[in-house]
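Asker: only the shape, not the letters, is given here:
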């Protein structure tokens, strides 16, 4: 019980806010039995270490503010300066952390050395293929076989026939529209 009492006093002094016995039991992660928490809180309230306030069926316990250390204005202003300095430092560290996180993200999305080697090989093969085709074109050699050229000529002829047929049909429609106007 002595260890539980010290644990509860220390926790309440650090937190300096009201708690019910159930909240305190849960916040201490059940290190002290629930029934003991209630007994310890009532004892500390009777000893004047804690203040007890009753709201209907609920009792709240918080440190007796008369027992708390009162700081003078110099100490308060010093604490305010310290808070401001820590806030500035925290924001700087937050920005630095954000920058580092984005750098990590960029590095993780970049290709690895092995992947780069594979990509380089693929690009070299593609370059060689294109240089061979360019050399073929520059030398005036045929890029297509005679059968492929014949098939392409046939396809071109069929497209030309379809185009002429469509052209004639459109010309007739335009002529008919102009006559009716």
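Answerer: That came in fine, so what should we check first? Please read these numbers as outputs of a predicted model, since none were measured by experiment.
Asker: and the average pLDDT for stretch 89-103 is what?
Answerer: Mean pLDDT, taken over the full extent of stretch 89-103, equals 96.
Asker: so where's this structure shaky on pLDDT?
Answerer: Counting by pLDDT under 70, the low-confidence segments of the chain come to 1, 141-143.
Asker: ok, which stretches of it are strands?
Answerer: 50-55, 58-63 (DSSP state E).
Asker: just name the most buried of those.
Answerer: strand 58-63 (a mean of 17; mean count of other Cβ atoms under 10 Å). Quick note: C-beta positions are derived from backbone N, CA and C, even for glycine.
Asker: got the contact list for that strand?
Answerer: 12-13, 16-21, 24, 41, 44-45, 49-54 (Cβ atoms under 8 Å, 6 or more residues apart in numbering).
Asker: off-centre distance for it?
Answerer: How far strand 58-63 lies from its chain's middle: 40 Å, per Cα atoms, centre = their mean, to the nearest Å.
Asker: now residue 148: how far from residue 154?
Answerer: For residue 148, the distance to residue 154 equals 11 Å [Cβ to Cβ, to the nearest Å].
Asker: let me redo that: residue 35
Answerer: Counting by Cβ to Cβ - residue 35 and residue 154 are separated by 98 Å.
Asker: that older thread, quick one: the strands of the chain as a markdown table, columns for distance to residue 92 too.
Answerer: As requested, those are exported to a markdown table (distance: least, Cβ to Cβ, whole Å):
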| stretch | distance to residue 92 |
| --- | --- |
| strand 50-55 | 40 |
| strand 58-63 | 35 |
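Asker: closest to residue 86 out of these?
Answerer: If you check each of the strands of the chain against residue 86 by Cβ to Cβ, strand 58-63 wins as the nearest, at 24.5 Å.
Asker: can you give me the helices in the chain?
Answerer: 2-15, 21-27, 34-47, 73-109, 113-138, 146-180 (DSSP state H).
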